[in-house]
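Enquirer: what follows is a protein structure lacking sequence information:
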């Protein structure tokens, strides 16, 4: 494996857990709700996905169960944030902590156990290409996540459903006035975000590093939240940010292994700095920025 | 008794005194031992080895001892609170399993002279507070010899947690051991800057693989992430503390294991006899604390013989890996010929030997 192959093959897989969670959060925030509990939902999904896959030896069941777990936890958030119009930041942080605690509890009996990673799925023809071949030799979730990104972009920007979600996020009162059930739409968005966060966790614990270790999400849920905000709620920018982050974090490790004379702490911080800078530069147009910002984000709404 | 303010105050005062009074929950002749560790005490890893040490105590003293395990305790104020509570609960012998428990543990030791405390990897001592650690470098030197006999690319790699002296020492001894077999060996190091992040550890291992490394040293990781990645890629790997052979049945190079039982037994004996004295214990192969095991059958017989020979010298104290001449990364002679580094120099090591290609983070 050459260095280039390592980065090409590794970037997509490294980006996938963050991208999957960020796409879910994108829909949630576009509907006007800020759910900061991603880290906890990912941790819970990781534990459930691992436990179920370990017991049944069926990764699909693991993913399904992780998605359900993510939805269940997001419904706790929805109860607080929508039904009780609690502060969304506080509610999100609370369920985040709850999710991490539940994750530790569930995973405890299987601490340090491992699974067999599913085989990679090479795209016939493309995977054998010289140089860029490794790019097309990924696990199925990577392809599905990219397909999902395209689908979400299409739905948000070119469908009636996307228009409704955006209307609910921009001006819930107006949306309500023309007859859209604001809270139900937000509830569905939160559930969707929970499902994707749960699956993102399952990807981390059953495919990317197929082992259980308490606390293994290690902040990736927060990166997902940051990607959505710094990507100014645009699908393409979020994908770009996730890939950039993935590539740079691998690049930092390569740099160390190759003996680059920079401190490892600095190399480790490059992905964060550069990703934020790049996304900030892309989104630096003030007028566009105002247009992109979701008007009612984080504000409680009651019918 | 009518519920007026005076009576209410009286009764609540009585109730609170009753709660505050120390209730002798344990029989007086049972020693209560608390073990506090930073990570989950799984089937492998650092916390697990400490737990095994306390199992030996239970085996010896039977129902004369009661060990309480408190796992996954984050360093910081929370750990201080928990330590204090264990003493309040009647534990008189504490084993603190992480460097970061040092200040809180020391304060506790001063406030409770009747309590004896063992503290992992620290450097501060009090009359009833002993820091302890293992000379992992003795084992990693032998692993280096084995690695040198198996590498084809002559490139070895190490995934490290943090660039602290204990880990640097292990890497240097590993490199020196490898060079004792083949002077052309080079070692690349990737620091993940985290004690615990399986995904980064896996990426770091793969980054080393992409550089042509074909033996990997998993330095201070409690998860099998690196070992698992190496097995998948078909390269040899080894780790510290407890064996991870089950995660890599084919390519497991071996383990530098630690056995805390002799030290724990000796310390508890002293505590019970009233002769416990706070002193730094840096345990070695001679103390039966550092153990090498689970050697891969692929290691050639002549190297196995050499390893056995060096191991005997390490155990008898006739040989130290840090005996000059040793040159550092800049090519300058760091240890003169015939000179052996003292413990204080090894404990504060902040330089790499020649052959480690990665510059040390400043």
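Expert: The structure has been received and is ready for your questions. The shown structure was predicted, so the numbers you read here are calculated from the model rather than taken from an experiment.
Enquirer: what residues does the stretch 101-250 of chain B have near chain A?
Expert: Counting by C-beta under 8 Å from any C-beta of the partner chain, the positions of the stretch 101-250 of chain B adjacent to chain A are B:157, B:163, B:188-194, B:196-204, B:206-211, B:213, B:222-225, B:228, B:232, B:247. For the C-beta atoms, the positions are set from N, CA and C on the backbone; glycine is no exception.
Enquirer: wait, what's in contact with the spatially closest residue to residue A:169 that is not a sequence neighbour?
Expert: Using C-beta to C-beta, 6 or more residues apart in numbering or on different chains and skipping the chain neighbours, the partner closest in space to residue A:169 is residue A:32 (3.7 Å). If a contact means C-beta atoms under 8 Å, 6 or more residues apart in numbering or on different chains, then residue A:32 has A:168-170, A:172, A:186, A:294-299, A:301 as its contacts.
Enquirer: out of these, which is most surrounded?
Expert: Most neighbours among these, by other C-beta atoms under 10 Å in any protein chain shown: residue A:168, with 27 neighbours.
Enquirer: that residue in helix, strand or coil?
Expert: Per DSSP: H, G, I helix; E, B strand; the rest coil, the local secondary structure of residue A:168 is helix.
Enquirer: contacts only, for it.
Expert: By C-beta under 8 Å, 6+ apart, residue A:168 lies in contact with A:31-32, A:175, A:180, A:182, A:185-186.
Enquirer: output these as CSV; include the columns pLDDT.
Expert: Formatted as CSV, the contacts of residue A:168 follow (pLDDT from 0 to 100):
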residue, pLDDT
A:31, 96
A:32, 95
A:175, 95
A:180, 95
A:182, 95
A:185, 96
A:186, 97
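Enquirer: between those residues, which is closest to chain B?
Expert: residue A:31 (30.0 Å; C-beta to the nearest C-beta).
Enquirer: what sits closest to that closest one if chain neighbours are left out?
Expert: residue A:189 (3.8 Å).
Enquirer: same question for residue B:288.
Expert: residue B:262 (5.2 Å).
Enquirer: can you get me a residue count around that neighbour?
Expert: Other residues close to residue B:262 by other C-beta under 10 Å number 14.
Enquirer: around chain B, pick out the residues from the stretch 51-200 of chain A.
Expert: Counting by C-beta under 8 Å from any C-beta, the stretch 51-200 of chain A sits next to chain B at A:104, A:108, A:111-114, A:117.
Enquirer: shouldn't residue B:67 be within a strand?
Expert: Yes. Assessed by three-state DSSP, residue B:67 belongs to a strand.
Enquirer: where along the stretch 201-350 of chain B do the strands fall?
Expert: B:215-219, B:236-241, B:252-258, B:281-283, B:290-293, B:326-327, B:333-335 (DSSP state E, counting those that start in this stretch).
Enquirer: the first one packs against which elements?
Expert: It refers to strand B:215-219. On a contact count with 3 or more C-beta pairs under 8 Å, 6 or more residues apart in numbering or on different chains; DSSP states H and E, strand B:215-219 meets helix B:136-150, strand B:155-160, helix B:165-181, helix B:198-210, helix B:225-233, strand B:236-241.
Enquirer: now the fifth one: average pLDDT?
Expert: Meaning helix B:225-233. When pLDDT is averaged over helix B:225-233, the result is 94.
Enquirer: ok, the closest residue to residue B:162 other than its chain neighbours - contacts?
Expert: Distance criterion C-beta to C-beta, 6+ apart; nearest residue to residue B:162, sequence neighbours excluded, is residue B:193 at 6.3 Å. The contact partners of residue B:193, taken as C-beta under 8 Å, 6+ apart, are A:264-265, A:268, B:161-162.
Enquirer: would you turn those into JSON lines with pLDDT and neighbour count?
Expert: JSON lines is the format used below for the contacts of residue B:193 (pLDDT from 0 to 100; neighbours: other C-beta atoms under 10 Å in any protein chain shown):
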{"residue": "A:264", "pLDDT": "79", "neighbour count": "25"}
{"residue": "A:265", "pLDDT": "81", "neighbour count": "13"}
{"residue": "A:268", "pLDDT": "80", "neighbour count": "21"}
{"residue": "B:161", "pLDDT": "88", "neighbour count": "20"}
{"residue": "B:162", "pLDDT": "86", "neighbour count": "17"}
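Enquirer: of those, closest to residue A:227?
Expert: residue A:268 (18.0 Å; C-beta to C-beta).
Enquirer: ok, now which ones touch residue B:113?
Expert: The contact partners of residue B:113, by C-beta under 8 Å, 6+ apart, come to B:127-128.
Enquirer: and for residue B:337?
Expert: The contact partners of residue B:337, by C-beta under 8 Å, 6+ apart, come to B:324-325.
Enquirer: from residue B:344, how far out is it?
Expert: Residue B:337 is 21 Å from residue B:344, where distance means C-beta to C-beta, to the nearest Å.
Enquirer: host element of the residue nearest to residue A:169?
Expert: Assigned by DSSP states H and E, residue A:32 belongs to neither a helix nor a strand.
Enquirer: likewise for residue A:252?
Expert: Using DSSP H and E, residue A:252 sits within helix A:235-257.
Enquirer: surely residue B:56 touches residue B:267?
Expert: No. Between residue B:56 and residue B:267 there is no contact under C-beta atoms under 8 Å: 11.6 Å.
Enquirer: coming back round to it: dump the strands of the stretch 201-350 of chain B to JSON lines, plus mean pLDDT.
Expert: Output for those, formatted as JSON lines (pLDDT from 0 to 100):
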{"stretch": "strand B:215-219", "mean pLDDT": "96"}
{"stretch": "strand B:236-241", "mean pLDDT": "95"}
{"stretch": "strand B:252-258", "mean pLDDT": "96"}
{"stretch": "strand B:281-283", "mean pLDDT": "94"}
{"stretch": "strand B:290-293", "mean pLDDT": "96"}
{"stretch": "strand B:326-327", "mean pLDDT": "94"}
{"stretch": "strand B:333-335", "mean pLDDT": "93"}
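Enquirer: in JSON lines, list those along with mean neighbour count.
Expert: Below are the strands of the stretch 201-350 of chain B laid out as JSON lines (neighbours: other C-beta atoms under 10 Å in any protein chain shown):
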{"stretch": "strand B:215-219", "mean neighbour count": "29"}
{"stretch": "strand B:236-241", "mean neighbour count": "28"}
{"stretch": "strand B:252-258", "mean neighbour count": "24"}
{"stretch": "strand B:281-283", "mean neighbour count": "17"}
{"stretch": "strand B:290-293", "mean neighbour count": "18"}
{"stretch": "strand B:326-327", "mean neighbour count": "16"}
{"stretch": "strand B:333-335", "mean neighbour count": "17"}
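Enquirer: so how many other residues sit close to residue 166?
Expert: No chain specified, so I'll use chain A. For residue A:166, the neighbour count with other C-beta under 10 Å is 18.
Enquirer: nope, chain B
Expert: Applying other C-beta under 10 Å, we find 20 other residues in the vicinity of residue B:166.
Enquirer: what about the helices in chain A?
Expert: Counting by DSSP state H, chain A has these helices, from start to end: A:3-30, A:38-56, A:59-78, A:88-107, A:140-158, A:160-170, A:172-177, A:182-203, A:220-230, A:235-257, A:264-282, A:286-292.
Enquirer: tell me how far the third one lies from the chain's centre.
Expert: I take that to be helix A:59-78. Relative to its parent chain, helix A:59-78 has a centroid offset of 14 Å by C-alpha atoms, centre = their mean, to the nearest Å.
Enquirer: fine by me, thanks again.
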